[in-house]
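Asker: okay, here's the prediction I keep looking at, along with the sequence it came from:
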Number of protein chains: 6
Amino acid sequence: MMSKIENNRLESFRQAREQGNQKVLDADHLGIKRFFNLDTNTYKDGALPGKTKELLGLVASAVLRCNDCIDYHLEQCAGAGYTRDEMVDALNVALVVGGSIVIPHMRHAMETIDLLEQEGSLES
Amino acid sequence: MMSKIENNRLESFRQAREQGNQKVLDADHLGIKRFFNLDTNTYKDGALPGKTKELLGLVASAVLRCNDCIDYHLEQCAGAGYTRDEMVDALNVALVVGGSIVIPHMRHAMETIDLLEQEGSLES
Amino acid sequence: MMSKIENNRLESFRQAREQGNQKVLDADHLGIKRFFNLDTNTYKDGALPGKTKELLGLVASAVLRCNDCIDYHLEQCAGAGYTRDEMVDALNVALVVGGSIVIPHMRHAMETIDLLEQEGSLES
Amino acid sequence: MMSKIENNRLESFRQAREQGNQKVLDADHLGIKRFFNLDTNTYKDGALPGKTKELLGLVASAVLRCNDCIDYHLEQCAGAGYTRDEMVDALNVALVVGGSIVIPHMRHAMETIDLLEQEGSLES
Amino acid sequence: MMSKIENNRLESFRQAREQGNQKVLDADHLGIKRFFNLDTNTYKDGALPGKTKELLGLVASAVLRCNDCIDYHLEQCAGAGYTRDEMVDALNVALVVGGSIVIPHMRHAMETIDLLEQEGSLES
Amino acid sequence: MMSKIENNRLESFRQAREQGNQKVLDADHLGIKRFFNLDTNTYKDGALPGKTKELLGLVASAVLRCNDCIDYHLEQCAGAGYTRDEMVDALNVALVVGGSIVIPHMRHAMETIDLLEQEGSLES
C-alpha cells in the first residue's frame, strides 16, 4: 500500500508544473506563448483522434526519457480513458525502441499509474 | 512527379534492410536473436491493437530521429491501413515533442509517404 | 582544391531542402504550418539580435548532431556576417559540450564552410 | 514571493557542484583534469567574445536537457551581463529547436532566473 | 568524511530500484518480462567475459546520462572486481565521447564510488 | 560475397575521415586541437588497458548512434585484436541498452566487420 506522503508526489508535481508553466508564460515572450499554444492544440482531434495522440505523446516522452513529461501524459491518457494495461502496453513499445536505459522511467511510470489509480483517476 | 530513380530509394532500402538484418542474425548471437524476436512481437495485438502500436513505433522513431526506422514504420503503418493524413498527424506530434531538429526527418518522411502512395501501398 | 562535384553538395542540399519543406507544407496540416512559421520567427530580432540567435541555432544543431540543420544554420550565419573563425569558435563550444561524438559533424561543418567560402557567401 | 528554502536551491546547487567537481578532480586522472581545463578555456574570449559563448553554452545545455548545466550557464550568463529578457530569448531558441520535451527545463530555468534576480545577481 | 544520511542515498536507491522493478514485473506484461530477462542475460559470460560487459554497461549509461543506470552499473562493476581507478578510467572515456554535458554525471558517479568504498563494496 | 564497390565503402570512409580531420585541424583553433589530442590520449593504456577502452569507445558510439564513430572504433578494435564474436558481443550490449533504434547501426556495423575481415584486418 502507498502512503499519504507518496501520494503527494503526483499532487506536488501538478502544482509545481502549473506554477512553473505560469512563470514561463509570465516571461511574456511571444514565441514561447505561441509554442505553448501550439503544444496544447497538438493533442486535439484531427486526422487522428486526440485520444490516440495522447498515447503518442506518452511514448515520445518515454523514449526521450523525461519523467515530468511521462507523468503529464499518463494523466492525460488516464483522462482520455486508457486502462492500466493499455498504458503498460504503450510503455513496452517505448522500452523496446529505447532500450534498457528506459527502465528507470518504466519504474517511475508504474508508480505514477498506481498513484492515478489510488486517487480514482484511472478507469478499471 | 517522382522519377523511377527516386522510387528506387524505397526499394533499395527494403533490400538493404533485409540483407542487413540477415547479416545481423547470421552473427548467431543468442541475445541479438532474442532481441529481434522481442522486437517483432512488440507490434502484435495486445492490450492495444497492433495497428495502434505501429503508430507508436513511428512517433518513437521520429523523435529519436532515425530515417531508416521512420521508413520501416511508415511502411508498417501503411500496411496497417493508416491514411496519409493520419500519418502526417502522428508526425506532427513528433515534430512538436522533438522540435525543429526533427524537420529534416519530416522532409524524409513526406517523401517516403509519396513513394508508398506511388507504388500503391497507401490507402486513399 | 574542391571540385565542381563537391561544390554541388551544398547546392543539392538547398534544392532538396526547399523541395522537401514544400512537400511538408503541402501536406496541409495546420499544426505543422504553424510550427514552420514559429521556427522562422524564432531567429528574428528580439531581446537578442537575430544574428546572435543564428549562432545559437548552429550550436544547438551541432550538439544534437544533425548535418542538415548544421548546413542550414552555417548558411544563415554566413549570411548574417559571421566570419569563418567565429563559426569555428562556436563549433568548438559544441564540440566541448557534446564530446567526440560531435567530431564527424565538425568534419562536415568545416567542408560546408569551405563550400560557402568558394561560392563567395562567406565574409573574409 | 519565493521562500528562503526555495532560495536555498541555488545555493545548495553551487555547493554540491563545487564539492562534486573537487571530488572528480581528486580522482587524479590526467585526462579528466585536462578535460576540465579545456572546458574552462572554451568560454574565454576568442574569435567570439566569451560573453557570446556563455549564451551558446546555455542553449546547448537546454537542448541537451541538463538542469545542472542550465543552472551553471544561467549563472555565467547573469555574471556576463545578460538581462532576463535576453536569457529568455535564448531559451526560446532551445525550446523551438528541442521541442516540448524541453518545457520542464524551461520551468526550471525560469525559477533559476528568479532566484538569480532575488539574490541580486541579475542585471535589471 | 561522508555522513550517515548521505550513505543512505545508495541504500535508498537499491530499495527503490528493487521495489520499482517488482512493480514493473507485476504489471504482468510478457514483452516487458522478456526484456528484463534479456537484459539480465546480456551481462553474463559470452564471447566477452561478463566482467568486461559490466564496464560496457557503465560507459553506455554514462554517455546516455542516466544516474540510476550509472549507480546500478557502478555497483555491478564493484562486484565484478574493478578498482576505483579502473572505473574512473572508464568514466573518462564516457566524458570524452559524451562531452561536458556528462560532467554532472561524473560528479554523481564519483560520489557513488565513495559510497561503495565506505560500505566496503569496493576492492582496494 | 561482397563486391569491390562495397569494399570501397570502408576505404572511402578512411580517406574522407582523414581529410576531414585535417580540415578541422587546419582551422587552427587551439581548443579544437587540444580536444583532438585529448581524444587520442583517452584510448592509451591507463588504469584500464587501451584495448579495453577501444571496446568502451565502440559501445559508446553505438548507443549514441553514430555510424562514422562505429566504423572508426570497429577498426581500432580489430587492430587491438578483438575477434568478430567479441565485437558482436559488445554490440549486443549496445543494442540492449539503446534499444531497437540501434538496429540500423547494428546492420551497418556487421557490414563493416565483414569488410574488415575481407581486407584481412580482422583476427580469426
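Answerer: Cool, the structure landed.
Asker: residue contacts, the residue in chain A that chain D sits nearest to?
Answerer: Closest to chain D within chain A is A:Gly20: 3.0 Å, counting by C-beta to the nearest C-beta. To be clear about C-beta, it is placed using only N, CA and C from the backbone, and glycine gets the same treatment. By C-beta atoms under 8 Å, 6 or more residues apart in numbering or on different chains, the contact list for A:Gly20 reads D:Pro104, D:Met106, D:Arg107, D:His108, D:Met110, D:Glu111.
Asker: and of these, the nearest to chain E?
Answerer: For those, the nearest to chain E is D:His108 (13.4 Å; C-beta to the nearest C-beta).
Asker: and that closest one, what is it in contact with?
Answerer: Contacts of D:His108 (C-beta under 8 Å, 6+ apart): A:Gly20, D:Asn67, D:Ile70, D:Asp71.
Asker: which element is the closest residue to the second one other than its chain neighbours on?
Answerer: By that I understand D:Asn67. Excluding its sequence neighbours, the residue lying closest to D:Asn67 (C-beta to C-beta, 6 or more residues apart in numbering or on different chains) is D:His108, at 5.0 Å. Under the criterion of DSSP states H and E, D:His108 resides in helix D:103-118.
Asker: enumerate the positions of that helix that are buried.
Answerer: Judged by neighbour count (16 or more other C-beta atoms under 10 Å in any protein chain shown), helix D:103-118 contains these buried residues: D:103-116.
Asker: columns distance to D:Glu86 and pLDDT on top of those residues, output as CSV?
Answerer: What follows is those, written out as CSV (distance: C-beta to C-beta, whole Å; pLDDT from 0 to 100):
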residue, distance to D:Glu86, pLDDT
D:Ile103, 20, 98
D:Pro104, 22, 98
D:His105, 18, 98
D:Met106, 15, 98
D:Arg107, 19, 98
D:His108, 18, 98
D:Ala109, 13, 98
D:Met110, 14, 98
D:Glu111, 18, 97
D:Thr112, 15, 97
D:Ile113, 11, 98
D:Asp114, 16, 97
D:Leu115, 17, 96
D:Leu116, 13, 97
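Asker: export these as a markdown table, with columns for distance to E:Ala62.
Answerer: Converted to a markdown table, the buried residues of helix D:103-118 look like this (distance: C-beta to C-beta, whole Å):
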| residue | distance to E:Ala62 |
| --- | --- |
| D:Ile103 | 26 |
| D:Pro104 | 22 |
| D:His105 | 20 |
| D:Met106 | 26 |
| D:Arg107 | 26 |
| D:His108 | 22 |
| D:Ala109 | 24 |
| D:Met110 | 29 |
| D:Glu111 | 27 |
| D:Thr112 | 25 |
| D:Ile113 | 29 |
| D:Asp114 | 32 |
| D:Leu115 | 29 |
| D:Leu116 | 30 |
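Asker: chain F: which of these is nearest?
Answerer: Distance to chain F across these (C-beta to the nearest C-beta) is lowest for D:His105, with 20.4 Å.
Asker: excluding chain neighbours, what is closest to the residue nearest the centre of chain A?
Answerer: In chain A, the residue lying closest to the centroid (C-alpha atoms, centre = their mean) is A:His73, at 2.0 Å. Take A:His73 and drop its neighbours on the chain: the residue closest to it by C-beta to C-beta, 6+ apart is A:Leu58, 3.9 Å away.
Asker: now do the same contact list for that neighbour.
Answerer: A:Leu58 touches A:Ile70, A:His73, A:Leu74, A:Gln76, A:Cys77, A:Met87, A:Ala90, A:Leu91, A:Ala94, counting by C-beta under 8 Å, 6+ apart.
Asker: what do you get if the cut-off is 6 Å, keeping everything else the same?
Answerer: A:His73, A:Cys77, A:Ala90 (C-beta atoms under 6 Å, 6 or more residues apart in numbering or on different chains).
Asker: what do you get for A:Val59?
Answerer: A:Ala90, A:Val93, A:Ala94, B:Leu56, B:Ala60.
Asker: and A:Asn8, how many neighbours?
Answerer: Burial of A:Asn8 is recorded as 12 neighbouring residues (other C-beta atoms under 10 Å in any protein chain shown).
Asker: kindly report the same for A:Lys44.
Answerer: 10.
Asker: quick check: it is in a strand.
Answerer: No: the assignment for A:Lys44, made by DSSP: H, G, I helix; E, B strand; the rest coil, is coil rather than a strand.
Asker: isn't it up against A:Thr52?
Answerer: No: counting by C-beta atoms under 6 Å, A:Lys44 sits too far from A:Thr52 to count as a contact (11.6 Å).
Asker: any stretches of chain A with poor pLDDT?
Answerer: Within chain A, the segments meeting pLDDT under 70 span A:1-7.
Asker: residue ranges for the helices of it, please.
Answerer: All helices of chain A, identified by DSSP state H, fall at A:4-26, A:30-42, A:50-63, A:67-80, A:84-98, A:103-118.
Asker: CA-only coordinates of the longest one in CSV, if you can.
Answerer: Once non-C-alpha atoms are left out, helix A:4-26 reads as follows in CSV (Å, rounded to 0.1, in the frame of the first residue of the first chain):
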residue,chain,number,x,y,z
LYS,A,4,-0.1,9.6,2.0
ILE,A,5,3.4,11.1,1.5
GLU,A,6,4.0,9.1,-1.6
ASN,A,7,0.6,10.1,-2.9
ASN,A,8,1.7,13.7,-2.5
ARG,A,9,4.3,13.1,-5.3
LEU,A,10,1.7,13.4,-8.0
GLU,A,11,-0.1,16.4,-6.4
SER,A,12,3.2,18.2,-5.8
PHE,A,13,4.1,17.6,-9.5
ARG,A,14,0.8,19.1,-10.6
GLN,A,15,1.3,22.2,-8.5
ALA,A,16,4.9,22.7,-9.5
ARG,A,17,4.1,22.1,-13.2
GLU,A,18,1.2,24.7,-13.1
GLN,A,19,3.2,27.3,-11.2
GLY,A,20,6.3,26.7,-13.5
ASN,A,21,4.2,27.0,-16.7
GLN,A,22,2.7,30.2,-15.4
LYS,A,23,6.2,31.5,-14.7
VAL,A,24,7.3,30.6,-18.2
LEU,A,25,4.2,32.4,-19.7
ASP,A,26,4.8,35.4,-17.4
